[in-house]
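Student: the sequence and its predicted three-dimensional model are supplied below.
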Amino acid sequence: MQMSLAQNADLNDFFTAATALVDRSFMLFYCHVRKNARRISNLALALVPVMVLMVGSCKTPQSAYVAGSTTGPVSAQQLQSDLFPGAGGKNFRPAAGYIAEARDFVDSKPHALLLLTRTDIGYIFGAPSFRRRDANAEVWQYKTRSCVVDFYFYGEKPTSYVDARLKNQFSVSGHQKSRCLRQINDGNATSA
């Protein structure tokens, strides 16, 4: 079906009018930006610190395991990257917020300590009260007024074993282990 000449002319007028409207709008916008360039750049510079703070405050663990919404298996690497995103390099030190979240997490799930490395344990608990090396094994010990927690490492692997006991040498239950870890995190650890 062919268009009549009148319909074709109406269509061309419509596109011409639309193009002229878009062109005029763009020119008005350009003139406005050009007139107010200093104001706009000052506003942008003023908003940069706010944007940095907003982005920095949005960092939270991305793992469903850390957030507590799943109980399924998780890899050591996944847990480490969720607790301390961006970790790596000699001079890396996680932000206090990440350390606090990691402490809360291991307080509530002490079994997750077996997925963490020496470095991760150091971030969470600080320097051990006592450190011992035997062949390829290394033991880090943290003491509080009422309990002792030992972390056993073999080679470069994550934590192999965690032993928590009361000062009177009795082993502790899962709830008491969490309490011991919380005491270490609260700064109640004593030097050897």
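Tutor: That came through, no problem.
Student: longest helix in the chain, by residue count?
Tutor: With DSSP state H setting the assignment, residue counts place helix 5-35 as the longest helix in the chain.
Student: below-threshold pLDDT in the protein: ranges please.
Tutor: 1-11, 55-74, 86-89, 169-172, 174, 187-192 (pLDDT under 70).
Student: repeat that with 80
Tutor: 1-12, 51-92, 95, 107-108, 167-178, 185-192 (pLDDT under 80).
Student: could you count how many residues lie near residue 97?
Tutor: 12 (other Cβ atoms under 10 Å). C-beta coordinates here come from the backbone N, C-alpha and C atoms, glycine included.
Student: tell me the helix or strand right after the helix or strand where it lies.
Tutor: Element membership for residue 97, per DSSP states H and E: helix 96-108. Tracing the chain C-terminally past helix 96-108 and defining elements by DSSP H and E, one meets helix 118-125 next.
Student: pull the residues that contact that following helix.
Tutor: 80, 83-84, 87, 93-94, 99, 102-103, 106, 113, 116, 138, 140, 142, 151, 153, 159, 184-185, 189 (Cβ atoms under 8 Å, 6 or more residues apart in numbering).
Student: can you classify residue 91 as helix, strand or coil?
Tutor: What DSSP: H, G, I helix; E, B strand; the rest coil gives for residue 91 is coil.
Student: residue 80 touches residue 113, doesn't it?
Tutor: No - applying Cβ atoms under 8 Å as the test, residue 80 and residue 113 come out as separate, 11.8 Å apart.
Student: the more surrounded of those two?
Tutor: Between residue 80 and residue 113, residue 113 has the larger neighbour count (other Cβ under 10 Å), namely 22 against 18.
Student: tell me the SS of the spatially closest residue to the more buried one that is not a sequence neighbour?
Tutor: In this structure, residue 113 finds its nearest non-sequential neighbour in residue 162, 5.0 Å apart by Cβ to Cβ, 6 or more residues apart in numbering. Of the three states, residue 162 takes strand under three-state DSSP.
Student: ok, now which ones touch residue 162?
Tutor: Residue 162 makes contact with 110, 113, 114, 149, 150, 151, 152, 177, according to Cβ under 8 Å, 6+ apart.
Student: what's the host helix or strand of the last one packed up against?
Tutor: Going back to what we said before, that points to residue 177. Residue 177 belongs to helix 174-185 when assigned by DSSP H and E. With contacts taken as 3 or more Cβ pairs under 8 Å, 6 or more residues apart in numbering; DSSP states H and E, helix 174-185 sits against helix 96-108, helix 118-125, strand 147-154, strand 161-166.
Student: cool, thanks, talk later.
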